[in-house]
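**Student:** What shape does this take:
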Amino acid sequence: MKILPLVVLIAVLVSSGAAVATEQTVTLNVANATCELCGPIVKRSLSSVSGVLDVQISEAEGAVIAKVRFEDSRTDVPALITATTNAGYPSHILQ
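**Tutor:** Residues are numbered from 1 along each chain as shown. Just a heads-up that it's a prediction; the model follows:
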């Protein structure tokens with residue numbers, strides 16, 4: 001009968017809809033990035049956000065495009081935008 005409490009516990013956990021982290025990807029257009037050091041600064045600012053798994057940077061004319069993969073249970077897009085803005089590079093979601 002020791003297995004019954006374990007089965008009940010598993011059933012409760014599964015039926016409770018416990019939050020499961022999923023990976024999300026967002027592409028940000030980062031403004032004011034006009035020098036060679038801007039891309040690395042943007043990457044570092046995004047990478048320092050808890051929950052960010054990967055940051056890929058590509059440079060465009062007068063901007064940086066940042067593709068960010070993150071765990072949605074640990075961070076969100078507004079936090080990513082805040083990170084770049086606080087580093088001096090305002091950003092928005094690239095449509």
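**Student:** Let me see the mean pLDDT of stretch 74-83.
**Tutor:** For stretch 74-83, the per-residue pLDDT values average out at 97.
**Student:** Can you list the neighbours in contact with that stretch?
**Tutor:** Under the contact criterion C-beta atoms under 8 Å, 6 or more residues apart in numbering, stretch 74-83 has outside partners 21, 26, 28, 45-46, 48-52, 68, 70, 90-93. Every C-beta, even on glycine, is put in place using the N, C-alpha and C of the backbone.
**Student:** out of these, what pair is the most spread apart?
**Tutor:** Taking C-beta to C-beta as the measure, the contacts of stretch 74-83 span a maximum distance of 27.6 Å, between Ala21 and Pro90.
**Student:** which stretch of helix or strand covers Leu28?
**Tutor:** When secondary structure is defined by DSSP states H and E, Leu28 falls within strand 23-31.
**Student:** hmm, I was thinking of Ile41
**Tutor:** Using DSSP H and E, Ile41 sits in helix 38-47.
**Student:** which parts of that helix are buried?
**Tutor:** By neighbour count, and taking 16 or more other C-beta atoms under 10 Å as the criterion, the buried residues in helix 38-47 are 38-39, 41-43, 45-46.
**Student:** Can you name every helix or strand that that helix contacts?
**Tutor:** Counting contacts by 3 or more C-beta pairs under 8 Å, 6 or more residues apart in numbering; DSSP states H and E, helix 38-47 is packed against strand 52-60, strand 63-71, helix 77-86.
**Student:** Tell me which of these sits nearest to Thr34.
**Tutor:** For Thr34, the closest of the helices and strands packed on helix 38-47 is strand 63-71, at 8.3 Å, according to C-beta to C-beta.
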